[in-house]
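S.K.: can't give you the sequence, but here's the structure:
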């Protein structure tokens with residue numbers, strides 16, 4: 001039977017010889033390199049370290065790990081290492097292991113960016129996003145032109161399935177949030193109106209707020225988080241799985257086949273969801289008015305009928321149609337821009353939600369400014 005691993009240390013003048021004997025393999029329990037290093041440190045200083053492996057029988061990679069750690073420690077202490085006594089195979093593998101030195105910055109963290117570098121990186125990112133957006137809008141307009149001329153290759157079955165997903169399937173969450181927003185508007189406004197004994201104007205506040213702004217804005221933001229993210233994830237997964245390239249190879253335009261039905265579905269669904277949200281928001285305001293401020297449902301409804309006009313609903317519904325297009329554009333654009341890896345799908349989904357909400361807020365500010373400038377609500 002092969003002898004177990006043994007290590008003998010022999011001193012002679014200013015040099016030290018490590019004699020390796022037996023079988024140096026994992027199963028034979030070789031000595032710990034840290035223990036040997038500690039023993040060398042406790043003994044008298046030396047200038048040269050030699051190896052004697054004449055009695056070494058068999059070895060594996062664990063011997064290389066032991067020797068590499070020992071040699072590295074000796075070199076850091078300024079001790080010259082003579083490897084001529086090691087087997088030829090061991091010397092070759094040690095030389096191969098040390099052929100490519102560790103990068104000097106491999107274990108260092110990336111230095112912090114300066115403010116100028118950060119500003120430049122964000123500026124370049126904004127320019128790239130803007131160029132991508134203008135290109136995507138141009139391709140979308142071409143696809144709509146082909147649709148109007150009857151040349152677009154869009155499946156009607158996909159369109160109706162998307163209508164189902166964007167419309168009826170979104171009713172529960174839209175209804176819940178609409179009622180809560182209406183109640184919040186009523187409660188916040190009533191706290192101030194009660195100081196003047198004008199609680200009846202809660203109906204005006206909730207009605208105008210929901211019809212002109214909150215109904216459309218709230219619906220669009222919810223659809224950006226719900227449907228816009230779903231569009232980005234679907235198209236991003238198709239990009240990763242090369243399905244987009246397969247469509248192009250088969251002669252189908254992704255803009256006509258995938259993007260166009262999604263934009264149309266949100267364009268038609270969001271205004272209807274906004275009307276639904278307006279009604280439930282006003283109902284939520286009525287619950288607060290009747291439950292906390294002794295305003296009957298009949299008084300509340302009469303006040304809303306006297307105060308609200310058709311133009312108030314028209315402005316909100318018109319905004320919601322624009323919001324629907326913007327949310328769909330953001331979701332589809334981010335999905336098609338997705339890189340070919342799984343991580344990018346999550347990033348595209350997150351970016352679609354953020355982009356969609358930014359588009360909605362900016363467009364709402366612009367449209368509100370235009371409506372106010374034109375004095376649309378003048379009686």
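M.R.: Yes, it's here. This structure is a prediction, so every number in the text was calculated from the model and none was measured. Numbers count the residues shown, from 1 in each chain.
S.K.: who are the packing partners of the lowest-mean-pLDDT helix or strand in the chain?
M.R.: Lowest mean confidence among the helices and strands of the chain (mean pLDDT, DSSP states H and E): helix 33-42, at a mean of 72. Packing partners of helix 33-42 (3 or more C-beta pairs under 8 Å, 6 or more residues apart in numbering; DSSP states H and E): strand 6-12, helix 61-76. Bear in mind the C-beta positions are built from the backbone N, C-alpha and C, glycine included.
S.K.: again, only using 6 Å
M.R.: helix 61-76 (3 or more C-beta pairs under 6 Å, 6 or more residues apart in numbering; DSSP states H and E).
S.K.: can you list the residues that contact stretch 51-64?
M.R.: Contacts of stretch 51-64 with the rest of the structure, by C-beta atoms under 6 Å, 6 or more residues apart in numbering, involve 2, 17-21, 23-26, 85-87, 93.
S.K.: let's see 10 Å
M.R.: For stretch 51-64, the surrounding residues in contact (C-beta atoms under 10 Å, 6 or more residues apart in numbering) are 2-3, 5-6, 8, 10, 17-30, 33, 66-67, 70-71, 81-87, 89-91, 93-94, 96-97.
S.K.: and residue 259, how close does it get to residue 219?
M.R.: Distance, residue 259 to residue 219, by C-beta to C-beta, to the nearest Å: 21 Å.
S.K.: got it, and residue 208?
M.R.: Counting by C-beta to C-beta, the separation of residue 208 from residue 219 is 17 Å.
S.K.: quick one: which of the two has more around it?
M.R.: Remark: of residue 208 and residue 219, residue 219 carries more neighbours, 31 against 19, as counted by other C-beta atoms under 10 Å.
S.K.: chain center to the strand or helix carrying that one: distance?
M.R.: Assigned by DSSP states H and E, residue 219 belongs to helix 215-223. Counting by C-alpha atoms, centre = their mean, to the nearest Å, helix 215-223 is centred 21 Å from the centre of its parent chain.
S.K.: who are the packing partners of it?
M.R.: When contacts are defined as 3 or more C-beta pairs under 10 Å, 6 or more residues apart in numbering; DSSP states H and E, helix 215-223 sits against helix 171-193, helix 260-292, helix 310-336, helix 342-373.
S.K.: possible to save these as JSON lines with distance to residue 243?
M.R.: Listed next are the helices and strands packed on helix 215-223 as JSON lines, based on distance: least, C-beta to C-beta, whole Å:
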{"stretch": "helix 171-193", "distance to residue 243": "29"}
{"stretch": "helix 260-292", "distance to residue 243": "15"}
{"stretch": "helix 310-336", "distance to residue 243": "11"}
{"stretch": "helix 342-373", "distance to residue 243": "13"}
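S.K.: quick one: which of those helices is nearest residue 116?
M.R.: Between residue 116 and the helices and strands packed on helix 215-223, the shortest separation by C-beta to C-beta is 24.9 Å, and it involves helix 342-373.
S.K.: okay, buried residues for that closest one please.
M.R.: By 16 or more other C-beta atoms under 10 Å, the buried positions in helix 342-373 come out as 344-345, 347-349, 351-353, 355-357, 359-360, 363-364, 367, 371.
S.K.: quick one, the helix holding residue 219 and helix 171-193 angle?
M.R.: Put simply, helix 215-223 runs at 140 degrees to helix 171-193, going by axes from the mean of the first three to the mean of the last three C-alpha atoms, to 10 degrees.
S.K.: tell me what angle helix 215-223 forms with helix 310-336.
M.R.: Using the same axes, to 10 degrees, helix 215-223 lies at 20 degrees relative to helix 310-336.
S.K.: any idea of the mean pLDDT for helix 215-223?
M.R.: Helix 215-223 comes out with an average pLDDT of 94.
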